[in-house]
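Asker: Next come a sequence and a model predicted from it.
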Amino acid sequence: MEAGGSGFRGKVSSLGSTNETQPQPKCANTTIRPEWNNMADADKLSYVQAVKCLMGTPPLGVWDNATSIWDEVAWVHDQLNERVHGVDTFLPFHRYYLHMLKTLLAEHCSYTGPMPWWRETNYTGNFPESGLFTAEYFGALPPLSETGDGTCITDGAFANFTVRAPDPNNPSCLSRGETKQTTDEATTAMLDLCHGSATTEYTQHRRCVEQTIHAVMHEGIGPTMWLLSTSPNDPIFFMHHGFVDWQWKRWQNAVPSRSTTITGCAEYPGDGSPCIPLTRDTVLTTMGLIPDMTVGDVLDTENDIMCYTYDEF
Ligand SMILES: [Cu+2]
């Protein structure tokens, strides 16, 4: 539980003031999401162990074929694939999805430690240097083979994890294979592009983040990660999306109204009619893994629902 004010929030919703003009109250005691390398080794270990715990925790009943909550986490993302990628819902959904992970870790694995993020642009493309891909933590990130194949991960906290979502009749291994040429594209220049004068509109920022560093790292890390729809099978997904969320937060911090208002499209009907707009009231769902929320609930990370910020920008 993050300190700060579930009681206060209950009071506010009973007054019915979660509408467009009245943002959620601020969190009294904001927690800090640390960059991986700013964490103590013991905290790193307890985080990966908590994630591993979800892989061994019986499913919640969201997906009939699941053997664990982790299977359901990946399956839900697969089911929602079209609704949460390539649309402006992308950033709020994935912020909510990270909140889902935090909630599941706390409720089912007693994890109350920090939710880490990974500053992917701090390297010269040599991601094993990140301190993530080690035998203590996430396991190896080997290069993609000459024939374009990944390698089953047999070290680290998630060694020999079997990927079952979305098709339990075709299980596979958790697999990685780095294409350095691709991951090398995640540069600070690319990062700055998404925060510059060409990206002052929310949709421009979202598109920039989604189509550059977000896409590059999914593609560059290899097989499990490059299948976008089921990529949360690889726990590195959440470190990666921590950085995606950090980028949005950094962009929001530059102009205060960016944490209270939203624009853009939640859906494109495809028949030439206008898009369905993304608003504070647009519903975000994990199909029952945690309760649904709205975009307005997650827009400001420092409100008393989300209640976090990052340790550095
Ligand atoms: Cu996604």
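Answerer: Alright, I've got the coordinates.
Asker: residue ranges for the strands of this structure, please.
Answerer: For the chain, strands defined by DSSP state E occupy the ranges 31-33, 151-152, 162-163, 172-173, 175-176, 265-267, 276-277, 283-284, 293-294, 308-310.
Asker: Check those strands for me and report the most buried one.
Answerer: Among those, ranked by average contacts under mean count of other CB atoms under 10 Å, first place goes to strand 175-176 (a mean of 24). The C-beta positions use only the backbone N, C-alpha and C, and glycine is treated the same way.
Asker: so how far is it from its chain's centroid?
Answerer: Strand 175-176 sits 19 Å away from the centroid of its parent chain (CA atoms, centre = their mean, to the nearest Å).
Asker: Begin at 27, not 1, for the rest of this chat.
Answerer: Noted, 27 is the first residue going forward, which turns the last one into strand 201-202.
Asker: mean confidence score for it?
Answerer: Taken as a whole, strand 201-202 has a mean pLDDT of 97.
Asker: which other helices and strands contact it?
Answerer: If you count contacts as 3 or more CB pairs under 8 Å, 6 or more residues apart in numbering; DSSP states H and E, strand 201-202 packs onto strand 177-178, helix 249-252.
Asker: which stretch among the ones you listed comes nearest Leu86?
Answerer: Closest approach to Leu86 among these (CB to CB): helix 249-252, 22.3 Å.
Asker: just the helices in the stretch 177-326 of the chain please.
Answerer: Remark: helices assigned in the stretch 177-326 of the chain by DSSP state H, counting those that start in this stretch are 206-209, 214-219, 228-235, 241-247, 249-252, 262-280, 321-324.
Asker: For the second one, buried residues please.
Answerer: Along helix 214-219, the positions that meet the burial threshold by neighbour count (16 or more other CB atoms under 10 Å) are Leu217.
Asker: For that helix, give the mean pLDDT please.
Answerer: pLDDT averaged over helix 214-219 gives 92.
Asker: repeat for the fourth one
Answerer: Per-residue confidence for helix 241-247 averages out to 96 on the pLDDT scale.
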